[in-house]
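>>> Here is a sequence together with a model predicted from it:
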Amino acid sequence: MNIPENLITETALWQSGMRHICGVDEAGRGPLAGPVVAAAVIFEPQFWIEGVTDSKKLTETKRELFFQKILDGSLAYGVGIVSAAEIDRINIRQATLKAMQTAVAALNIAPEYVLIDGNDAPELAFPHETLVKGDSRSFTIAAASIIAKVTRDRMLLALDRDFPAYGFAQHKGYGTAKHIAAIRQFGPCPEHRRSFLGKILFIQIITFFGTHVCVPYPLLMPACKVRTCANRNQQSCFSPLH
């Protein structure tokens, strides 16, 4: 029997006598806005879906297609979500680890072994290991990456309806030129990660005396003092100085 390349790790664990192998991955470490989302998933031994790989290598259409197949074929799955506000409070690394812990805790079947994408693992009550580029090397991790990515993308689509000026539906919170321009024009919304915005909201200017001064963008752009609100439901915008 030919074993798919991205099922070799799981197959070795299944052949050792384990049954419930869990894959864990996250989506949303790098964006300027929105939560970080992690997912955990367990399948029956030898279960496999051809074409499932790192969610970043798939089109949105394929991710959506695989998302439902993964949920339908799984024995158990869980999702963990940590908000932008908490990311600012505890930092993105701790937020990502917390999201992973929450996703594993949400499983209705206890895993016997956990495979985690990357090289940083949360504290878990189960045996586990990290796999660098695990979403390309492990089917189970890849499936978790798709659950996390689709879940987060859907949240950003909903956020786009509340804050249409930022274009969340297009960039999903990542720091594109248009997104950065919107932040500078309107200021951040409540779902922006303030801890990620320092270089965007402030310009470092060298004075004639050689002193470095950080100046907020609105002070450099008078047109930003009167702004159209970025939220349909708000009467006034959030100031980038807050």
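On my side now, so go ahead. What you are looking at is a predicted structure, and each value in this text was computed from that prediction instead of being measured.
>>> Pro127 versus the residue positioned nearest the centre of the chain, what's the distance?
In the chain, the residue lying closest to the centroid (CA atoms, centre = their mean) is Gly28, at 1.8 Å. To Pro127, Gly28 is 27 Å away according to CB to CB, to the nearest Å. Backbone N, C-alpha and C define where each C-beta goes, glycine included.
>>> which stretches of the protein have low pLDDT?
Residues of the chain meeting the criterion pLDDT under 70: 1, 203-242.
>>> mind running it again at 50?
For the chain, the stretches flagged by pLDDT under 50 are 204-208, 213, 215, 219-229, 233-242.
>>> Sheet-wise, list the partners of the helix or strand hosting Thr130 with their directions.
Using DSSP states H and E, Thr130 falls within strand 128-131. With DSSP bridges as the test, strand 128-131 is paired with strand 113-117 (parallel).
>>> Export the partner strand to CSV, keeping only CA atoms.
Extracted C-alpha coordinates of strand 113-117, given in CSV (Å, rounded to 0.1, in the frame of the first residue of the first chain):
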residue,chain,number,x,y,z
TYR,A,113,-1.0,12.3,20.4
VAL,A,114,-0.9,15.9,19.1
LEU,A,115,0.9,17.1,16.0
ILE,A,116,1.5,20.9,16.1
ASP,A,117,2.5,23.1,13.2
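>>> hey, where'd the strands end up in the chain?
Taking DSSP state E, the strands of the chain run over residues 21-27, 36-43, 74-82, 113-117, 128-131, 202-206, 212-216.
>>> In JSON lines: the ones you listed, plus distance to Ala144 and mean neighbour count.
Compiled in JSON lines, the strands of the chain are given as follows (distance: least, CB to CB, whole Å; neighbours: other CB atoms under 10 Å):
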{"stretch": "strand 21-27", "distance to Ala144": "4", "mean neighbour count": "28"}
{"stretch": "strand 36-43", "distance to Ala144": "4", "mean neighbour count": "29"}
{"stretch": "strand 74-82", "distance to Ala144": "8", "mean neighbour count": "21"}
{"stretch": "strand 113-117", "distance to Ala144": "8", "mean neighbour count": "25"}
{"stretch": "strand 128-131", "distance to Ala144": "12", "mean neighbour count": "16"}
{"stretch": "strand 202-206", "distance to Ala144": "37", "mean neighbour count": "12"}
{"stretch": "strand 212-216", "distance to Ala144": "40", "mean neighbour count": "12"}
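>>> circling back to that earlier point, how about the residue nearest to the centre of the chain, what does it touch?
By CB atoms under 8 Å, 6 or more residues apart in numbering, Gly28 lies in contact with 34-37, 148, 152, 173.
>>> Narrow those to those in helices?
Using DSSP state H, 148, 152 are the members of the contacts of Gly28 that sit in helices.
>>> Out of the contacts of Gly28, grab the one that's most surrounded.
Ala148 (30 neighbours; other CB atoms under 10 Å).
>>> correct me, but that one touches Val79?
Yes: Ala148 lies in contact with Val79 (CB atoms under 8 Å); the separation is 7.2 Å.
>>> Overlap of the contact sets of these two?
By CB under 8 Å, 6+ apart, the residues touching both Ala148 and Val79 are 37-39, 103.
>>> Now the two most distant members of those.
The distance between the two most remote of the shared contacts of Ala148 and Val79 (CB to CB) is 8.4 Å, for Val37 and Ala103.
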